[in-house]
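[1] Fold the following and give me the result.
(2 chains)
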Amino acid sequence: MQLCELQHEFAAALLDPGRPTPAGLVGPDGVTSARRFAVYRNNIVAGLVETLRAAFPAVHRIVGADFFFAMARAYVVKNPPRSPVMLDYGAGFADFIARFEPAATLPYLVDVARIERAWSESYHAREAIPIDPCEFSAIRPDRLPTMRLAVHPSLRVVRSRFPALTIWQMNIEGGAPAPVDLSLGENTLVLRPGSEVEVRLIPKGSAEFTEALIEKRPVLKALEAALMVNSGFDLAGNLFDLIKAGALTGYDLAGAAR
Amino acid sequence: MTGRAARPLRFLHFAESAVPFPPSQSQDRVPPRGGVGLKAEHYRTIIETLPDVGFFEVHAENYMGAGGPPHRYLSAIRERYRLSLHGVGLSIGADRPLDRDHLQRLAQLIDRYRPGLFSEHLAWSSHGASFFNDLLPIPYTNASLVRVADHIDEVQAALGRQMLLENPSTYVAFAESSYSETDFIAEVVRRTGCGLLLDVNNVYIACTNQQWDPVAYLEGFPLQHVREIHLAGYTSEADEKGRRLLIDTHDRPVAEIVWFLFARAVRRTGAVPTLIEWDKDVPAWPDLKREAERAEAVMRFVGSEAA
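    All right, here's what the predicted structure looks like:
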C-alpha cells in the first residue's frame, strides 16, 4: 500500500472507533491487533480532553469529571486540532457547549467557558506597553469623543446575562461554591498588561464601550454604544479605569491610533 | 538512492564523526550533563533558586504563542541555562509536504532562544487538515525512507543546522516493513547527516511491545551519531493476547531496566546531554532534579570505569 493511503486509513480510524483496525497493523505474531491500535486512539482523545480540561478548569469543576469527559470527547472527535500549535486548541469549545443538549440545564456554563477562553487568549497574546496615565491626563476632555484609541492585544470582554464572573471565581483553584442569584448579569474584562492575567467586573455600558474600542471604532461611536445600555454612562471615568488597568496602548486625537 | 539522485549530495560523504552543519556556537552548546524538561509548574522555583542543572529542554510548540508568561519565563531561564529545543509537531514521517509555516515558526524560535540542540521524531502527526497530538508510527520501507530523508534534508536546510532524530516508542508493527528499526534509522543518518536523539525509554517500550531484545537493539543502533539521550517512565498494560504492552506515559520515575540500558548505551556513546522527560503528574522540583542527578552519576560511573 502507498504510504499516503496507509496514513489516510490510519487517520480515519483514529477518530472513529466504529472503523476497524487498518490492515497490516500487527502485534509481534504478525496478526492484526485492535488493542494495540486502540492505544493511539486513546492517546489522541485523552490528550485532547486533557488539553481542554487544563484550559477550562472551572467548567470542569462545575460539571464534574464524567460529564466533562463526555462533553469534551464529543467535541474533540468532531473538532481535531488544525495546527500543531496546540496553545490555541479549544477556540470553539464555548460555542459547542452552547449547542450541547445535556448542558442546557446550566445556561451560565457557556459564559464561564467564554471567560476561560478569554483568559487563555489573553495569556498568550502579543506583548505591548500600556500608555502612561500621566501622559493621557494632559488631553482636554472636550477632545475625548473624537479620539481613536489602540487597545492592548490581550484585552477581552465577556458579557453575560448571568453572574458568570462570580461563578467562575467560585470554581477556579481556591474558590468555594456558594449560592448565587442567577438573575444578576455580570460583564467581565480580561487583560494581561504585564506578566499576569487580570480578570475584573465592569459596570453597565463598559462592555459595549470596550468592545467598540477593540473593534477600532472612535471613542464617539463607543460612547454611543455604551449610552444605548446605560444613559448615565461616565465616559471620563471609564476611560480612566481602562488606562489605570493598562488596557490602552496608544491614542490619536484625530485619525488612526498611534 | 532511487528518487534522490536530484538532491544535493553534500550530506552524503561525511565521515562518521563529522557534522554536516557548523556546530552551535560554543556559548550555546548543551553540555554532556543531566537536564530536565522545563514545566510551567517549576518556572518560579528555577528563577528563584537557580538550581545546578546541565540544561533545560522545551517542547517547541509550547512557545509558539505570540507573547505572555511562557516567553517571559523561558527568556529569563535561557539567560542562565543552556537550552535544547524539542519539536513534537513537524510530522516528518507524513507522506505529504512539510508545513512551511511550522518550519518558519521553528526557525524564529531557534533565532530567538539559540538552542544548542534541536530534535524531532521519527513519526507523523498531520493528515488532511487535522493534527493528531500523538506520535504515530511509520512502516520501515523504501518509500518511507525516501520521504523521511527528504523531509530531514528540508528541515536542516531551512534551519541551517543539524537536527537530531528521535527513535519512536511503538505499539503496533507494520506487516509491510522491510527494514529493522535500527537499520532504517542508520540509513536515514547515512543519507541526511542528521544526528540522533536516543530515547532509551522508547527503546525499552518498542522492544517489549515488538518482542525484540533491547540489548541487541542498542548494539544495532548507530550510537556514534547520538548527540542527546532521553529518559522517562512508562506504564505497563497488556494486549488482547495478554502480551505486555508498554505505554510511553512520561508520568513517573525512570524504570530500573531503563537505567540499566542507559548505562550500556553510555559505555559506547560517552557522556552526552541526557534529559529527564516527565510531562504528566509532574513531581515537585527536587524529585525531578534528583533524576537528572542520577543520570549524571551513571555517566560519571561509566566514565570512571573507562578511565
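
[2] Just to check, B:Phe174 is in contact with B:Tyr140?
    Yes: taking contacts as C-beta atoms under 8 Å, B:Phe174 lies within contact range of B:Tyr140: 7.2 Å. All C-beta spots, glycine's among them, are computed from the backbone N, C-alpha and C.

[3] So these two - more neighbours on which side?
    B:Tyr140 (22 against 19; other C-beta atoms under 10 Å in any protein chain shown).

[4] what secondary structure does residue 216 sit in?
    Since no chain was named, I'll use chain A. coil (DSSP: H, G, I helix; E, B strand; the rest coil).

[5] how many other residues sit next to it?
    A:Lys216, neighbours per other C-beta under 10 Å, totals 13.

[6] same deal with the one 3 residues further on?
    If you count neighbours by other C-beta under 10 Å, A:Val219 ends up with 20.

[7] now swap in A:Asn42 and tell me
    Neighbours of A:Asn42 using other C-beta under 10 Å come to 13.

[8] Next: A:Arg35.
    Close neighbours of A:Arg35, defined as other C-beta under 10 Å, add up to 17.

[9] could you check the distance from the closest residue to chain A within the stretch 51-200 of chain B over to A:Tyr89?
    Nearest residue of the stretch 51-200 of chain B to chain A: B:Gly89, at 2.6 Å (C-beta to the nearest C-beta). Per C-beta to C-beta, to the nearest Å, B:Gly89 is found 12 Å from A:Tyr89.

[10] higher neighbour count, those two?
    More neighbours surround B:Gly89 than the other of B:Gly89 and A:Tyr89, with 25 against 21 (other C-beta under 10 Å).

[11] That one touches B:Glu61, doesn't it?
    Yes: assessed by C-beta under 8 Å, B:Gly89 is found in contact with B:Glu61 at 4.9 Å.

[12] where in the chain is pLDDT low?
    Since no chain was named, I'll use chain A. Chain A contains residues with pLDDT under 70 at A:255-258.

[13] To clarify, I was referring to chain B.
    If you take pLDDT under 70 as the line, chain B has these spans: B:1-24.

[14] B:Thr235 contacts B:Ile247, doesn't it?
    Yes: counting by C-beta under 8 Å, B:Thr235 does reach B:Ile247; the two are 4.5 Å apart.

[15] More neighbours: the two, which one.
    More crowded of B:Thr235 and B:Ile247, by other C-beta under 10 Å: B:Ile247, with 17 against 13.

[16] any idea how far that one is from B:Asp134?
    Distance, B:Ile247 to B:Asp134, using C-beta to C-beta: 11 Å.

[17] Just the element for the closest residue to A:Phe69 other than its chain neighbours, please.
    In space, and not counting its chain neighbours, A:Phe69 is closest to A:Val49: 6.0 Å by C-beta to C-beta, 6 or more residues apart in numbering or on different chains. Element membership of A:Val49, judged by DSSP states H and E, is helix A:34-55.

[18] Who are the packing partners of that helix?
    When contacts are defined as 3 or more C-beta pairs under 8 Å, 6 or more residues apart in numbering or on different chains; DSSP states H and E, helix A:34-55 packs onto helix A:3-14, helix A:65-78, helix A:109-124, strand B:130-136, strand B:244-247.

[19] most tightly surrounded among the ones you listed?
    Comparing the helices and strands packed on helix A:34-55 by mean neighbour count (mean count of other C-beta atoms under 10 Å in any protein chain shown), helix A:109-124 ranks first with a mean of 24.

[20] residues touching residue 172, list them.
    Reading this off chain A. Going by C-beta atoms under 8 Å, 6 or more residues apart in numbering or on different chains, A:Ile172 touches A:Pro57, A:Ala58, A:Arg61.

[21] other chain: chain B
    Taking C-beta under 8 Å, 6+ apart, we find B:Val172 in contact with A:Leu25, A:Val26, A:Gly27, A:Ser33, A:Arg36, A:Phe37, A:Tyr40, B:Pro137.

[22] What of A:Val190?
    For A:Val190, the contacting residues are A:Ile115, A:Ala118, A:Trp119, A:Ser122, A:Ser154, A:Leu155, A:Arg156, A:Val157, A:Val158, A:Val197, A:Glu198, A:Val199, by C-beta under 8 Å, 6+ apart.

[23] would it count as being in a strand?
    Yes: A:Val190: assigned to a strand according to three-state DSSP.

[24] what about it, distance to chain B?
    13 Å (C-beta to the nearest C-beta, to the nearest Å).

[25] Pairing partners for the helix or strand hosting B:Phe56, with directions?
    Here B:Phe56 sits within strand B:55-59, counting by DSSP H and E. With DSSP bridges as the test, strand B:55-59 is paired with strand B:34-37 (parallel), strand B:83-86 (parallel).

[26] contact partners of that strand?
    So strand B:55-59 is contacted by B:30-31, B:33, B:35-38, B:46, B:74, B:77, B:81-88, B:116, B:273, B:275, B:277 (C-beta under 8 Å, 6+ apart).

[27] ok, of these, which come out buried?
    Among the contacts of strand B:55-59, the ones that count as buried by 16 or more other C-beta atoms under 10 Å in any protein chain shown are B:30, B:33, B:35-38, B:46, B:74, B:77, B:81-88, B:116, B:273, B:275, B:277.

[28] and B:Ala292, what is it in contact with?
    B:Ala292 is in contact with B:Gly34, B:Gly35, B:Val36, B:Val53, B:Gly54, B:Thr274, B:Ile276, counting by C-beta under 8 Å, 6+ apart.

[29] Kindly recompute the last result at 10 Å.
    B:Ala292 makes contacts with B:33-37, B:51-55, B:231, B:274-276, as judged by C-beta atoms under 10 Å, 6 or more residues apart in numbering or on different chains.

[30] Same check on B:Tyr179?
    Per C-beta under 10 Å, 6+ apart, neighbours of B:Tyr179: B:Pro139, B:Tyr140, B:Thr141, B:Asn142, B:Ser144, B:Leu145, B:Ile185, B:Ala186, B:Glu187, B:Val188.

[31] Apart from its chain neighbours, what residue comes closest to residue 189?
    I'll assume chain A. That would be A:Ile202: by C-beta to C-beta, 6+ apart, it lies 4.7 Å from A:Leu189.

[32] that's the wrong chain, I meant chain B
    What sits nearest to B:Val189 in space, not counting adjacent residues and going by C-beta to C-beta, 6+ apart, is B:His225, at 5.1 Å.

[33] and if you look at A:Lys244?
    Using C-beta to C-beta, 6+ apart, the nearest residue to A:Lys244 is A:Pro133, at 6.2 Å.

[34] doesn't A:Ile139 make contact with the one you found?
    No: under the criterion of C-beta atoms under 10 Å, A:Pro133 is not in contact with A:Ile139, lying 11.2 Å apart.

[35] For the nearest residue to A:Leu184 once chain neighbours are set aside, which residues are in contact?
    Counting by C-beta to C-beta, 6+ apart, A:Leu184 lies nearest to A:Pro163, which is 5.0 Å off, once chain neighbours are set aside. Neighbour list for A:Pro163: A:Tyr108, A:Asp111, A:Gln169, A:Met170, A:Val180, A:Asp181, A:Leu182, A:Ser183, A:Leu184, A:Gly185, A:Glu186, A:Leu201 [criterion: C-beta under 10 Å, 6+ apart].

[36] change it to 8 Å
    A:Tyr108, A:Val180, A:Asp181, A:Leu182, A:Leu184, A:Gly185, A:Glu186.

[37] And B:Ala306, by the same measure?
    B:Arg267, B:Gly270.

[38] what about it, distance to B:Val266?
    With C-beta to C-beta as the criterion, B:Ala306 and B:Val266 are 10 Å apart.

[39] Count the residues that sit near the residue of chain A found nearest chain B.
    Of all residues in chain A, A:Pro84 sits closest to chain B, at 2.6 Å by C-beta to the nearest C-beta. A:Pro84: 22 surrounding residues under other C-beta under 10 Å.

[40] Surely A:Glu9 touches A:Gly24?
    No: the criterion here is C-beta under 8 Å, and A:Glu9 misses it with A:Gly24 at 9.2 Å.
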